[in-house]
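Chemist: Dropping the sequence and predicted coords here.
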Amino acid sequence: MIRAVVLAAEEQGWEVYGIERSYDGLFEDDGVYRLDRASVRGITHLGGTILGTTNRGNPLHWPVTKADGSVEYEDRSEVVIDALKRHGIDALVAIGGDGSLSIAHALFQQGLKVVGVPKTIDNDLAATNLTFGFQTAVETATDAIDRLHSTAQAHERVMVIELMGRHAGWIALYAGVAGTADVVLIPEIPYDIEHVCAKIEARYHVGRRGFAIVVVAEGAYPKGGEPRFKRKDGGQVRLGGVAEEVAIEIFERTKRETRSLVLGHLQRGGSPNAYDRLLALRFGSAAVKLIREGDFGCMVALDPPNVLAVPLGQAISHIKTVPLDSDVVETARNLGICLGD
């Protein structure tokens, strides 16, 4: 995406600058630097970003440590806008998910010329059919599920794999169906563990060797329950642990040998597949087009087969979850996949 912005902008005779670690780079002396053709050569096949990123650098809620050691939060948006002006930057291309684009929208409302680009593996941004990164994450997760089949079958085990996606089940649903899982649990459909176990027991009565594959989105939760969180270093609370919980409950009820696996950040790494590469390049080119046309306060979005502009406010208005009447949900049911309900 960065390469597309640089090359398309240079075609317009513009200069492009990169900001390291999201908005953090604007608070540092060397956090902003020129990007040209040479600096983006050969990066299309790379995962991640050459600029670095952060999920903590929110200039609207900037942590400031006081003399007594306490931490207070301040709105530093004016500092960001002033820093961009000081560097001679006329327009900002903000790349990310709902958090990053919410900040971008707030800065736009304060007068900054902003264009957004949807980048998140979770595919949970409203107003776009797909975000880039999602298809590669699904491919990685599907490959992992494929690999679990052999060990599950050989040892006649139940394998429970936890996938990312926050409060949306896109990755788990798509990878689970593509990977021929027996059970797929997503946040949009609270599950009944008894129904899950019934499906697993049925699997053990089919064929010479019984085994089962259970795919669980990290935000999935039981009927009457709530998503499971874990507290990490520094006090941060993150979704996680549901696969282990489901595996324990399956074993307690069925006495079948059960193992759990968290695929974790493997879903976020590696080279992007061809679809995501092309989508990122299309988005980058479209972002430059919006700047050229003065169409600020918008996000580029995929509305197949076209890439178009949608208001940033619309894009961040809500989390895009899996519709219960989705054809992929219907496909899963028609294939006999248990969705926990």
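Modeler: Received the coordinates, thanks. Numbers count the residues shown, from 1 in each chain.

Chemist: domains for this structure, by residue range?
Modeler: 2-132+272-315, 138-267 (automatic domain parsing).

Chemist: So for Val328, which of the ones you listed sits nearest?
Modeler: domain 138-267 (5.8 Å; Cβ to Cβ). In this view, the C-beta of every residue, glycine as well, is placed from N, C-alpha and C.

Chemist: picking that back up, so which of the domains of the chain gets nearest Val329?
Modeler: Comparing these under Cβ to Cβ, the one sitting nearest is domain 138-267, at 7.0 Å.

Chemist: Could you export the domains of the chain as TSV, including distance to Leu324, mean neighbour count and mean pLDDT?
Modeler: Output for those, formatted as TSV (distance: least, Cβ to Cβ, whole Å; neighbours: other Cβ atoms under 10 Å; pLDDT from 0 to 100):
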stretch	distance to Leu324	mean neighbour count	mean pLDDT
domain 2-132+272-315	16	17	91
domain 138-267	6	19	90
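
Chemist: Looking at these, spot the one closest to Asp325.
Modeler: Of the domains of the chain, nearest to Asp325 by Cβ to Cβ is domain 138-267, at 11.0 Å.

Chemist: would you list the domains of the chain in JSON lines and tack on distance to Val329?
Modeler: Shown next, in JSON lines, are those (distance: least, Cβ to Cβ, whole Å):
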{"stretch": "domain 2-132+272-315", "distance to Val329": "15"}
{"stretch": "domain 138-267", "distance to Val329": "7"}
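
Chemist: Break down this protein into its strands, ranges please.
Modeler: Counting by DSSP state E, the segments of the chain that form strands are 16-19, 32-35, 62-65, 71-74, 92-96, 114-118, 158-163, 183-185, 212-217, 229-231, 237-239, 258-262, 298-303, 306-311.

Chemist: helices or strands up against the last one?
Modeler: With contacts defined as 3 or more Cβ pairs under 8 Å, 6 or more residues apart in numbering; DSSP states H and E, strand 306-311 has these neighbours: helix 274-292, strand 298-303.

Chemist: Which of the domains of the chain sits closest to Val322?
Modeler: Closest to Val322 of the domains of the chain, according to Cβ to Cβ: domain 138-267, at 4.8 Å.

Chemist: Run through the bridge partners of Tyr73.
Modeler: When bridges are called by DSSP bridges, Tyr73 pairs up with Pro63.

Chemist: Now do it against Asp36, distance only.
Modeler: Using Cβ to Cβ, to the nearest Å, Tyr73 is found at 37 Å from Asp36.

Chemist: out of the domains of the chain, nearest to Glu330?
Modeler: That would be domain 138-267 among those, by Cβ to Cβ, at 10.6 Å.

Chemist: Can you give me the end-to-end span of that closest one?
Modeler: Counting by Cα to Cα, to the nearest Å, you get 8 Å between the two ends of domain 138-267.

Chemist: Quick one: closest of the helices and strands packed on strand 306-311 to Val310.
Modeler: Using Cβ to Cβ, the nearest of the helices and strands packed on strand 306-311 to Val310 is strand 298-303, at 4.6 Å.

Chemist: Mind giving me the packing neighbours of that closest one?
Modeler: strand 114-118, helix 274-292, strand 306-311, helix 312-315.

Chemist: residues making contact with stretch 26-43?
Modeler: Stretch 26-43 is contacted by residues 2-3, 6-7, 10, 15-21, 24-25, 50, 59, 76, 79-80, 83-84, 87, 89 when judged by Cβ atoms under 8 Å, 6 or more residues apart in numbering.

Chemist: I figured Leu107 hits Ile81, correct?
Modeler: Yes - using Cβ atoms under 8 Å, Leu107 is in contact with Ile81, at 6.7 Å.

Chemist: How far off centre is stretch 22-34?
Modeler: Centroid displacement of stretch 22-34 relative to its chain, using Cα atoms, centre = their mean, to the nearest Å, is 24 Å.

Chemist: And for Ile193, nearest residue in space, chain neighbours not counted?
Modeler: Leaving aside its sequence neighbours, Ile193 sits nearest to Glu249 (Cβ to Cβ, 6 or more residues apart in numbering; 5.0 Å).

Chemist: again, but for Arg3
Modeler: Val40 (4.1 Å).

Chemist: what's the span of stretch 24-31 from first residue to last?
Modeler: Distance across stretch 24-31, first residue to last, is 8 Å (Cα to Cα).

Chemist: same thing with stretch 127-135?
Modeler: 17 Å.

Chemist: Equivalent analysis for stretch 200-210, please.
Modeler: End to end - Cα to Cα - stretch 200-210 spans 9 Å.

Chemist: Residues contacting that stretch, please?
Modeler: Counting by Cβ under 8 Å, 6+ apart, 153, 156, 158, 182-183, 211-212, 214, 250, 254, 256 sit against stretch 200-210.
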